[in-house]
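Q: What follows is a predicted protein model with its sequence.
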Amino acid sequence: MSMEKIVSLCKQCGFLFQSSEIYGGLQGFWDYGPLGVELKRNVKESWWRDMVTCHDDMSTLDGAPSPYSMEGLDCTIIMHPQVWKCSGHYDLFHDYMVDCKETKKRYRHDQLNGRWVSAKGKTAFVTAPAGDDEVELIKKRAMKYFNVRAKNIDDLVYDGDPVCLTEIQDLAEVLGPDAKTIGTLTEPREFNLMFKTYVGALSGEEGAAFLRPETAQGIFVNFKNVLDSTRHKLPLGIAQIGKSFRNEITPRNFTFRSREFEQMEIEFFCHPDESQKWYQFWRDRRMAWYHEMGIPEDRLILREHTPDELAHYSIGTADLEYAFPFMAAGEFGELEGISHRGDFDLRSHIEGKLDEKSNPLELQLDEHGKPKWKGSGKNLGYRDELTGEKYIPHVIEPSAGADRATLAFLCEAYTEDEQPDENGNMQKRVVMKFHPRLAPIKAAVFPLVKKDGMPEVAKEIYLNLKKQFKVFYDEKGAIGRRYRRQDEAGTPYCITVDGQTLEDQTVTIRDRDTLEQQRVNIDELREIIQCRIDA
RNA sequence: GCGGGUGUAGCUCAGUGGCUAGAGCGUCACGUUGCCAACGUGAAUGUCGUCGGUUCGAAUCCGAUCACCCGCUCCA
């Protein structure tokens, strides 16, 4: 299935448009059209209903170690800047880079070291990637640049020990790590993966804040509030749906990697001894959810991260990946990540930013031996009322992309088949086979022809169904064309008023996938449609 | 960020310097029509991605720029 056809249908039918299209578009931003917004709302609502509102906290679900509670939350997009420092996003997403105009390579500004070298009357600041072998690398680079042979090595005159490139103001005499001539490095440019803004009237750095790059941190910083206000015991899951922002360098593949996107996240807090079982539970539960929503087993894989991909405190991370049409054959794109995060996040917000590389986890210190980023100092731990045990809960994080899920459902729904026309000739048909729960329009109502009182009856049915479902009325053109139009929109049911309706108050209800029609009473329509959607 | 490709009607595309920029599909109106993209008649729709240049004349040639697609790179 080609991605072009899906992108084309999305625009034509009103699922997705490029943001600000009339001004030429903006890379990495997309708008949902009339059908798209209904689809995405249904994706989010299905997730919220299945994970939160319809959660059964009395019984033990299949595969779960015990019953658990579930609550929702809706936090702000802009949060206290210290949140991102303690979470690690500030360090991770806040790099200065220099580009080499000659070799087109890009380097982290703070990861290049170099020293001043003179020979044959010339001087240059010779650089190399920071590391144990940097002195040797700088020597080799200098020999090549100054064209000095090994026997004349003493011609090279060093001025001082290697220092970081950040110490050098003027880059005109700097030799890039792979360049042949000096002065090829651009001025350092900030590659901030977080969008920056300013809070308050002052636009100075003291007012600087960031648009959240993930929704998770809002849950961590509210963990205590939720516990205190609900009187829940652990295990407890807290769910949130909301926009996040990442200034991706290369947005690509339609909405798959966007700069503004929506996440559906759960932070699940539990006792450390049970965390592994809960990790297993959430992996299986989330996998099953996509299957229920219509993603077939062979197009969705669960990929366990290898040990070297894992942070050491994590027991595991698994990606649920879908076979998107834009991926190469046999490759998959991430829909959701389920990670075991240990107590890293809560402890970081208590004590300060922890060093992910330390084992056991220790506070990350700056060059003066003080905490690099101070935490809140608040007690975010948990005390079990029954046993009296105090501990910092471990966290399992199923983090899904709402836009990625929506895109996967769009790709999965797109189907071309052949159906006979009125003369029995096979005609190509494009049909979006959404799960009825996800379909933007649940039913369309048609008069068979635009006369004999049929439109009046059909409109009455339409208005009645509209109280419960998103429905569509159409009386224009031939009946076959109207059916096909609804097939493209993914409407699962079409209700047609015909001559017989006027005599016995029955209509036909047509199934999108099988084309079969069933004659039913008008009174039963609401119930029948609801039953079929829930089935 | 680099390299390649693309950009003309709502969609798919034709149009290689010259008359008022075209086709198919779709859309709309009227008529006809009794169950799967029907038919007839009529109609609307374009700053030819944007900006600039060359030229008597540019959708067409040149430059820049924006967006999308592919491959790298980067990120995770």
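A: Sure, I can see it. Numbering: from 1, shown residues only, chains lettered A, B, ... in the order given.

Q: What segments of the stretch 51-200 of chain A are strands?
A: A:69-72, A:94-99, A:106-108, A:112-119, A:122-129, A:157-164, A:174-175, A:189-192, A:196-198 (DSSP state E, counting those that start in this stretch).

Q: nearest spatial neighbour of A:Ile315, skipping sequence neighbours?
A: In space, and not counting its chain neighbours, A:Ile315 is closest to A:His340: 4.2 Å by Cβ to Cβ, 6 or more residues apart in numbering. Any C-beta I mention is one placed from the backbone N, CA and C, and that applies to glycine too.

Q: residues from the stretch 251-400 of chain A in reach of RNA strand B?
A: Contacts of the stretch 251-400 of chain A with RNA strand B, taken as Cβ under 7 Å from any atom of the strand, map to A:251-254, A:326, A:328.

Q: List buried residues within these.
A: A:251, A:253-254, A:326 (16 or more other Cβ atoms under 10 Å).

Q: Dump those residues to JSON lines, plus pLDDT and distance to A:Thr387.
A: Output for these, formatted as JSON lines (pLDDT from 0 to 100; distance: Cβ to Cβ, whole Å):
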{"residue": "A:Pro251", "pLDDT": "79", "distance to A:Thr387": "50"}
{"residue": "A:Asn253", "pLDDT": "82", "distance to A:Thr387": "50"}
{"residue": "A:Phe254", "pLDDT": "86", "distance to A:Thr387": "51"}
{"residue": "A:Phe326", "pLDDT": "82", "distance to A:Thr387": "52"}
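
Q: farthest-separated two in those?
A: A:Pro251 and A:Phe326 (13.0 Å; Cβ to Cβ).

Q: Quickly note the distance from A:Ala128 to RNA strand B.
A: 16 Å (Cβ to the nearest atom of the strand, to the nearest Å).

Q: ok, what's across the strand from that residue?
A: For A:Ala128, the beta-bridge partners are A:Asn113 (DSSP bridges).

Q: Can you get me a residue count around it?
A: A count of nearby residues for A:Ala128, using other Cβ atoms under 10 Å, gives 24.

Q: mind listing what it touches?
A: For A:Ala128, the contacting residues are A:112-114, A:134, A:137-138, A:141, A:177, by Cβ atoms under 8 Å, 6 or more residues apart in numbering.

Q: interface residues of the stretch 1-150 of chain A facing RNA strand B?
A: Selection of the stretch 1-150 of chain A residues close to RNA strand B by Cβ under 7 Å from any atom of the strand yields A:3-4, A:7-8, A:11-12, A:18, A:24-28, A:92, A:99, A:104-106.

Q: repeat that with 6 Å
A: A:3, A:8, A:11-12, A:18, A:24-28, A:92, A:99, A:104, A:106 (Cβ under 6 Å from any atom of the strand).

Q: Pipe the residues you listed into TSV and attach distance to A:Phe332 and secondary structure per row.
A: Listed next are those as TSV, based on distance: Cβ to Cβ, whole Å; DSSP: H, G, I helix; E, B strand; the rest coil:
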residue	distance to A:Phe332	secondary structure
A:Met3	15	helix
A:Ser8	23	helix
A:Lys11	25	helix
A:Gln12	28	helix
A:Gln18	26	strand
A:Gly24	32	coil
A:Gly25	28	coil
A:Leu26	28	coil
A:Gln27	24	coil
A:Gly28	22	coil
A:Leu92	25	helix
A:Asp99	32	strand
A:Lys104	30	coil
A:Arg106	28	strand
